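# For reference, the sequence and a predicted model appear below.
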Amino acid sequence: MALPRFHKPDAAFWCGRRVFLTGHTGFKGSWLALWLLELGAEVTGLALPPEPGPSLFEALGLAGRLQHRIGDIRDPAVLSQAVAACEPEVVLHLAAQPLVRRSYAEPVSTWETNVMGTIHLLEALRPLPEPCTAVLITTDKVYRNNEWFYGYRENDPLGGHDPYSSSKAAAELAIASWRSSFCGSQPHQTPQLRVASARAGNVIGGGDWAADRIVPDAMRALAEGQPIGVRNPLATRPWQHVLEPLGGYLRLAEQLAGAADPAFLATAFNFGPQLEANRSVRELVEESLRHWPGRWEDQSDPSSPHEANLLNLVIDRAHHQLGWAPRWPFATTIERTVRWYRQVHEAGAGALACCQDDLTHYLNSFPS
């Protein structure tokens, strides 16, 4: 079956455009910063320092390629100063506390970062005198999870059992309320500001070294010749390569910035994989072992904090309103991800070369 048509990010739109990117030192943020730089954008990044240990941000040498600012989005003064200095035309907000299991240990800081950090950013954008488009990233876990087999649509009820999921759902409510209150032509509103949110599925790809994520945990185990410990082998997730939602974010920003009627696009969008990529953790691990031989073991622990078992997304809105569709099937996503780690570990390949190779292969999957 032919893949649906997908419009590439438009280099003509991004070249020379001032972009304010939060969370640029993280996994997704580093990939997005690299892609924006490849497109010719003028990128200002604001984030905490990279986590201790291996860092994709540092491996890519991004600090010397963009306006690199260290700061905490929980500090409104820091955000306001950084936004004012950048004078952004586009804002891409990825900064977050993104780990479910860490949110159980750090619930207050998770809520402060994911909810109040987002509100502080929106408030920092209000005084901007020139047009600005903001795409704020949350997660597929914002939905009230009923453990059903069919996918969640953007208008399904929000919820969240754990502090991470609920904080992201609260961020979605705050974004929608703030947009309704402060985007428009009334005296108290900012008419030149356009705001949308994006909800992505489980993102994997080379360069993620976070703890308590199955792919980084698996790649560390394989590199050390150890069995992969799997704590929830039957849990099903919408696995997608990191480039898939990032391309969606770029496409959403382009379309929202150029829309004659922004209300049609100033809303929430799901970005998920093809339906066949909704697979169990066990299937993910076993597919990975086809490309890097090893073994795995079941480490299920019924006393572990709650995590959802079933989670799928419906992506019709992004397809029909943005002309966006995922490009890589599950097998390609796993093959490219494992290839990245194995080349870095066994062949001594550079992270930049591996990322650029993935980006080239991804762009080549688009129709000409």
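In hand now; what should we look at?
# neighbouring contacts of the helix or strand bottoming out on mean pLDDT in the chain?
Ranked by mean pLDDT, DSSP states H and E, the weakest helix or strand in the chain is strand 236-238, scoring a mean of 87. With Cβ atoms under 8 Å, 6 or more residues apart in numbering as the test, strand 236-238 has contacts from 140, 201-202, 272-273, 277-281, 284, 309-313. Just so you know, the C-beta spots here come from the backbone N, C-alpha and C atoms, and that holds for glycine as well.
# Can you give the distance of whatever helix or strand comes next after that strand from its chain's centre?
Remark: after strand 236-238, the chain's next helix or strand is strand 240-241, criterion DSSP states H and E. Offset of strand 240-241 from its chain centre (Cα atoms, centre = their mean, to the nearest Å): 10 Å.
# Whichever of the contacts of strand 236-238 count as buried, I'd like them selected in ChimeraX; how would that read?
Buried residues among the contacts of strand 236-238 (16 or more other Cβ atoms under 10 Å), as a ChimeraX selection:
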select :140,201,202,272,273,277,278,279,280,281,284,310,311,312,313
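# Which members of the contacts of strand 236-238 occur in strands, if any?
Judged by DSSP state E, those include 278, 279, 280 as members of strands.
# picking up where we left off before, among the contacts of strand 236-238, name the least confidently predicted one.
pLDDT is lowest at residue 309 among the contacts of strand 236-238; the value there is 63.
# what are the phi and psi values for the closest residue to residue 170 other than its chain neighbours?
Distance criterion Cβ to Cβ, 6 or more residues apart in numbering; nearest residue to residue 170, sequence neighbours excluded, is residue 115 at 4.9 Å. Recorded main-chain torsions at residue 115 are phi -100, psi -60, according to degrees, to the nearest 10.
# give the contact list for residue 115.
Taking Cβ under 8 Å, 6+ apart, one finds 167, 170, 171, 174 in contact with residue 115.
# Show me which of the residues you listed is closest to residue 28.
Comparing the contacts of residue 115 against residue 28 with Cβ to Cβ places residue 171 closest, at 15.9 Å.
# helix/strand/coil for the nearest residue to that closest one once chain neighbours are set aside?
In space, not counting the residues next to it along the chain, residue 171 is nearest to residue 118; the distance is 4.7 Å by Cβ to Cβ, 6+ apart. Secondary structure, DSSP: H, G, I helix; E, B strand; the rest coil: residue 118 is helix.
# Around residue 118, count how many other residues there are.
Using other Cβ atoms under 10 Å, residue 118 has 27 other residues around it.
# Next: residue 258.
12.
# so what's it up against?
Per Cβ under 8 Å, 6+ apart, neighbours of residue 258: residue 13.
# residues in contact with residue 289?
Each residue near residue 289 by Cβ under 8 Å, 6+ apart is listed here: 228, 295, 296.
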